[in-house]
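1. Sequence first, predicted model second:
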Amino acid sequence: MSRIGKKPVIIAKGVTVTVTGQNVSVKGPKGTVARDIHNTMNAVVTDGLLTVSPKVTGKDSARFHGLTRTLIDNMVVGVTTGFKKNLTLIGVGYKAALNGRNLTLLVGFSHPVEIIAPEGIVFTAEREGNNATISVSGAEKEVVGQIAATIRGVRPPEPYHGKGIRYANEVIVTKVGKAAGKK
């Protein structure tokens, strides 16, 4: 049995959790999130708590017990408080602007790069001094992380000057240049 899987998921006030077969749907103030859980798992809602238990004992059920509980907990957290990733653009002339719901990036290419916002994702772009800041927020943790990784992948930070798009808390260790390495 999984130590994480044994803990019940506390359902916050204003959140409704519906379990239909293997489908778990969570509805709250920030939206609705649904997911199919693994067929070896069983989810039950009782008295404001959701418990996950394996249907059969074995290697597969032990693998998915803690994972299923954590995925459902992330769904509950997502519809109550939401998830947010912050990115910073570092470079001369690097800009980010909102175009409706979509994000337009000017990061040194001959053309602007447009990131289309999927349903439930909200972009914000601000200018702080010489750098621009982008935040990606939404109810689904996986989608927020994937969109943030896609934005970072447009122009990842390069190792010599650190220019590019990086996460707000990311530390880039810069390399010594060619001339300094020969001494």
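-> Structure received.
2. Once you drop chain neighbours, what's closest to L71?
-> Of all residues not flanking L71 in the chain, R35 sits nearest, at 6.4 Å (CB to CB, 6 or more residues apart in numbering). The C-beta positions use only the backbone N, C-alpha and C, and glycine is treated the same way.
3. That neighbour should be in a strand, yeah?
-> Yes. Judged by DSSP: H, G, I helix; E, B strand; the rest coil, R35 forms part of a strand.
4. How about the contacts made by it?
-> R35 is in contact with N23, V24, L71, I72, M75, counting by CB atoms under 8 Å, 6 or more residues apart in numbering.
5. What about the residues you listed, which are in helices?
-> Counting by DSSP state H, the members of these that fall within helices are L71, I72, M75.
6. Spit out the contact partners of the last one.
-> Going back to what we said before, that points to M75. With the criterion set at CB under 8 Å, 6+ apart, M75 makes contact with V24, V26, V33, R35, E140.
7. repeat that for 10 Å
-> If you count contacts by CB atoms under 10 Å, 6 or more residues apart in numbering, M75 has them with 9, 15, 17, 24-28, 32-35, 50, 139-141.
8. Report the two of the contacts of R35 separated the most.
-> Across the contacts of R35, no pair lies farther apart than N23 and L71, at 12.7 Å, counting by CB to CB.
9. To what extent is I10 buried, counted in neighbours?
-> By the criterion of other CB atoms under 10 Å, I10 has 11 neighbours.
10. That one is in contact with R69, isn't it?
-> No. Using CB atoms under 10 Å, I10 is not in contact with R69; the gap is 11.6 Å.
11. any idea how far the nearest residue to N86 once chain neighbours are set aside lies from H38?
-> Nearest-residue entry for N86: A168, 3.7 Å, with adjacent residues in sequence omitted and distances by CB to CB, 6+ apart. Between A168 and H38 the distance is 34 Å, computed by CB to CB, to the nearest Å.
12. Who has more neighbours out of those two?
-> Shown here are A168 and H38; by other CB under 10 Å, H38 has more neighbours (17 against 11).
13. Spell out the secondary structure type for the more buried one.
-> Once three-state DSSP is applied, H38 turns out coil.
14. quick one: contacts for T133?
-> By CB under 10 Å, 6+ apart, the contact set of T133 is N86, L87, T88, L89, A96, T124, A125, E126, R127, A168.
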